[in-house]
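# pasting the sequence and the predicted model now:
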Amino acid sequence: DNDSATPVCDILEDFLNAGLVETHTIKGPQRQLTAYMHCLREYGHDFRHLAFFDLDEFLFLPHETDARPLVADFADHGALCLNMAYFSSDGHLSRPRDLATSSFCEILHIIPSTKWILRPELIDLALSPHHFTFRSPASAVNTRGEPAVGGFTPPADERARLNHYCWRSQQDYEERLLRGDAVYAENPRSLASFYNQ
């Protein structure tokens, strides 16, 4: 919980009471990578694989219903890199009532930037939300087995991708701008970029 307006423990109360989740508090701006490293240090040893996806990102498997075979096929690598499909606002100015997946249907582009399903025991440092360094020699590849360079791979989405609903409505995007960036002190986003899409 990084200074959330509504405390995460309130939102997840039922899951906390059921013992399904734990929450941690991190104070201050630009703490996303701090949270990643905390998770890796505290919980990495409990898992064969971890992934850090944002709340507006969804793993999409066009031909499978279970991600485990996909991950198993790349288990010899340090990370499986998923390219991201950026979805447009579909012209929405205010937040629609329906789910993001049914309100925003137009893919603007599939980008070479990736998010990783990684083997936590091999990770040394989170350099960005899209790029990690390894403790020992290991490879990060896309779903075609092509290597990642600095968190980027040639777009490969035949088997899996990450659907990123980064624009959503103008209302959502303006609220995102007010929150600031989770990594960079100088927010790289602007309302002009919303209109450009």
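Yep, that arrived.
# who touches the residue nearest in space to the middle of the chain in this structure?
The centroid of the chain falls nearest to Phe53 when counting by Cα atoms, centre = their mean (2.5 Å). Each residue near Phe53 by Cβ atoms under 8 Å, 6 or more residues apart in numbering is listed here: 59, 115, 162. All C-beta atoms are positioned from the backbone trio N, CA, C, and that covers glycine.
# distance of it from Ala35?
Distance from Phe53 to Ala35, counting by Cβ to Cβ, to the nearest Å: 13 Å.
# what does Ile110 give?
Distance, Ile110 to Ala35, by Cβ to Cβ: 27 Å.
# filter the contacts of Phe53 down to the buried ones, ChimeraX style.
Here is the ChimeraX command that picks out the buried ones among the contacts of Phe53, judged by 16 or more other Cβ atoms under 10 Å:
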select :115,162
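# just put the contacts of Phe53 in JSON lines and tack on secondary structure.
Conversion of the contacts of Phe53 to JSON lines gives the following (DSSP: H, G, I helix; E, B strand; the rest coil):
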{"residue": "Leu59", "secondary structure": "strand"}
{"residue": "Lys115", "secondary structure": "strand"}
{"residue": "Leu162", "secondary structure": "strand"}
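# this completes my enquiry, with thanks.
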